[in-house]
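Student: based on what follows, work out the 3D shape:
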Amino acid sequence: MTIEEAQQEVDSWIKTYGVRYFSELTNMAILTEEVGELARIMARTYGDQSFKKSDLEKDLPDEMADVLWVLICLANQTGVNLTEALQKNIEKKTLRDKDRHKQNPKL
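Tutor: Model (predicted):
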């Protein structure tokens with residue numbers, strides 16, 4: 001599935017099952033919540049924190065998909081074409097950082 005197809009599929013799902021999009025500010029809050037849930041799994045899987053019983057049922061791919069879902073909702077609501085935005089962002093990073101990381105002795 002392309003990013004454009006994902007944006008279309010999420011939009012179709014919202015209009016079919018979700019009635020309407022939540023407001024942009026509500027979705028921003030939900031995105032923050034979802035990123036927090038992803039961070040919790042990452043901290044326990046790859047960091048120093050131990051899992052609690054309530055964390056054991058969490059699924060890393062599903063949490064990442066939740067973040068992507070809400071980001072796509074926000075993009076759809078604000079008229080952002082994520083394919084174009086990502087392409088421009090990669091170009092920006094390439095121009096800015098093409099030599100930066102290669103010259104970083106910490107890497």
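Student: quick one, phi psi at the nearest residue to T78 once chain neighbours are set aside?
Tutor: Nearest non-adjacent residue to T78, counting by C-beta to C-beta, 6 or more residues apart in numbering: E24, 6.7 Å away. Using the backbone N, CA and C atoms, a C-beta is placed for each residue, glycine as well. Main-chain dihedrals, E24, degrees, to the nearest 10: phi -60, psi -40.
Student: all strands for the protein, in order.
Tutor: Counting by DSSP state E, the chain forms no strands at all.
Student: do a quick rundown of the helices in it.
Tutor: 3-13, 24-46, 60-78, 82-97 (DSSP state H).
Student: what about E34, neighbour count?
Tutor: 20 (other C-beta atoms under 10 Å).
Student: now do E63
Tutor: Look at E63: counted by other C-beta under 10 Å, it has 19 neighbours.
Student: that one contacts E37, doesn't it?
Tutor: Yes. Shown here, E63 and E37 form a contact pair, counting by C-beta atoms under 8 Å, at 5.3 Å.
Student: related to what we said a few turns ago, out of the helices of the chain, nearest to Q103?
Tutor: helix 82-97 (10.2 Å; C-beta to C-beta).
Student: orientation of that closest one relative to helix 3-13 in degrees?
Tutor: Per axes from the mean of the first three to the mean of the last three C-alpha atoms, to 10 degrees, the angle that helix 82-97 makes with helix 3-13 is 140 degrees.
Student: determine which stretch of the helices of the chain is the most buried.
Tutor: Stretch with highest mean neighbour count among the helices of the chain: helix 60-78 (a mean of 16; mean count of other C-beta atoms under 10 Å).
Student: ok, back up a step: confidence score at the residue nearest to T78?
Tutor: Listed pLDDT for E24 reads 98.
Student: from D97, how far off is it?
Tutor: To D97, E24 is 30 Å away according to C-beta to C-beta, to the nearest Å.
Student: quick revisit: isn't the residue nearest to T78 right up against Q77?
Tutor: Yes. At 5.4 Å, E24 counts as touching Q77 under the criterion of C-beta under 8 Å.
Student: now stretch 24-39 - C-alpha only, PDB.
Tutor: C-alpha atoms of stretch 24-39 as PDB (Å, rounded to 0.1, in the frame of the first residue of the first chain):
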ATOM      1  CA  GLU A  24      -7.800  18.400  14.700                       C
ATOM      2  CA  LEU A  25      -7.000  19.300  18.300                       C
ATOM      3  CA  THR A  26      -8.600  16.100  19.500                       C
ATOM      4  CA  ASN A  27      -6.600  14.100  17.000                       C
ATOM      5  CA  MET A  28      -3.400  15.900  18.000                       C
ATOM      6  CA  ALA A  29      -4.100  14.900  21.600                       C
ATOM      7  CA  ILE A  30      -4.800  11.400  20.500                       C
ATOM      8  CA  LEU A  31      -1.500  11.300  18.500                       C
ATOM      9  CA  THR A  32       0.400  12.400  21.600                       C
ATOM     10  CA  GLU A  33      -1.300   9.600  23.600                       C
ATOM     11  CA  GLU A  34      -0.500   7.000  20.900                       C
ATOM     12  CA  VAL A  35       3.200   8.100  20.800                       C
ATOM     13  CA  GLY A  36       3.300   7.800  24.600                       C
ATOM     14  CA  GLU A  37       2.000   4.200  24.300                       C
ATOM     15  CA  LEU A  38       4.600   3.400  21.700                       C
ATOM     16  CA  ALA A  39       7.300   5.000  23.900                       C
END
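Student: right, I'll call it a day here.
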